[in-house]
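Student: pasted the sequence and its predicted model underneath.
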Amino acid sequence: MKAIWNGAVIAQSDDIVEVEGNAYFPLSSLDRQYVVDSATHTMCPWKGRASYYSIRVGDKINTDAAWTYPQPKPGAEAVVGRVAFWRGVQVRP
């Protein structure tokens, strides 16, 4: 699977975990040249606190387009060490 935005492959891996319709890629699959840390955090009742990344390709920025759960709650261990995408990032084979 690939996560693509603005013509760039942001992440690529065959090791995908699907949770709630979202494909979670290993954090190690991120191409860090396109990833910018964000100060945004949200709370999921069952997965815990999410941290976000923005994606920068050329002069375009997709704010908070990826998220991860650094310390997921018990029962959500499948997403530990993984990242998922939204906001126009295409996930496809």
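Tutor: Looks like it came in fine. Residues are numbered from 1 along each chain as shown.
Student: ok, and the closest non-adjacent residue to Val83?
Tutor: Thr68 (4.6 Å; Cβ to Cβ, 6 or more residues apart in numbering). In short, each C-beta sits where N, CA and C put it, glycine included.
Student: from Arg32, how far off is the one you found?
Tutor: Distance, Thr68 to Arg32, using Cβ to Cβ, to the nearest Å: 13 Å.
Student: more neighbours: which of the two?
Tutor: Shown here are Thr68 and Arg32; by other Cβ atoms under 10 Å, Thr68 has more neighbours (19 against 10).
Student: report the contact partners of that one.
Tutor: Contacts for Thr68 were tallied using Cβ atoms under 8 Å, 6 or more residues apart in numbering; they are 27, 50-53, 79, 82-84.
Student: of these, which belong to strands?
Tutor: The strands, defined by DSSP state E, take in 50-53, 82-84 from the contacts of Thr68.
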